[in-house]
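Novice: Quick check, what structure comes out for this input:
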Amino acid sequence: MYCRNCGKELNPKAEVCINCGVKPLVEKKFCQECGGETSANQEVCIKCGVRLRTMAYTTDGSTMNTNFSGLPPYWQQEFRRILESNEVYKGKWNWPAFFFSWIWAFTKGAWAVALIILCIGTPFSFVTFGLAGIGIAIFMGIRGVYLYYNVFVKDKQMPF
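Specialist: Next up is the predicted model:
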C-alpha cells in the first residue's frame, strides 16, 4: 500500500504515513496500490488500473468513504449533497424505503434499523401492523437515504 499524499510505501495497517504525517487515503496525489501519480479527479489509476480509494475523516477521527463512483447516479448525487451540506441535508423522500421498510433496510446494510422494525412489528400481524406500521413507513421514507448514507459512508448503524 502507498500513501495517497506522498506516494511512499507504507504498512497497510498504518493510520498515518510516517514519511509525511498524513492519513494515507486523505489526499489524491498518488495511487494507493502502485504509488503512481494521479490527478485529483481521477477515479482509476492509469498505471495499474485499480480504482482509487479516498477516505475523509470526521471530527471524531473516524473514517468516511467518499468514493461514490461505484454507486448508481441517484445515490452518488444524494450522498454528495449530504456530504457537501455537512449533513444538514438528510436526503429526499425514498419510495422504496417507504413501501419495503425492513426489507429495503436489510438490502442497504442498515440491519440495526431492520431489526428494530421487525421487533416493533412482531407483536402485530403483517396485515394489521396499524399505526406503528404507518409511522415506520413514513420514518423510512423520510430518513431512508440518510440511513443508507451512514452505512455506506461512515460504516455506522444509525437507527434514528
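Novice: Please identify the buried residues of stretch 18-38?
Specialist: Neighbour counts over stretch 18-38 (16 or more other Cβ atoms under 10 Å) mark Lys23, Pro24, Leu25, Val26, Glu27, Lys28, Phe30, Cys31, Gln32, Glu33, Gly35, Thr38 as buried. Just so you know, the C-beta spots here come from the backbone N, C-alpha and C atoms, and that holds for glycine as well.
Novice: mean confidence for that stretch?
Specialist: Across stretch 18-38, the average pLDDT comes to 85.
Novice: Quick check: closest non-adjacent residue to Glu27.
Specialist: Asn5 (3.8 Å; Cβ to Cβ, 6 or more residues apart in numbering).
Novice: Contact partners for the one you found?
Specialist: Neighbour list for Asn5: Cys17, Cys20, Val22, Pro24, Val26, Glu27, Lys29, Phe30 [criterion: Cβ atoms under 8 Å, 6 or more residues apart in numbering].
Novice: from those, which is closest to Gly141?
Specialist: Proximity of these to Gly141 (Cβ to Cβ) peaks at Val26, which lies at 34.8 Å.
Novice: Alright, calling it a day.
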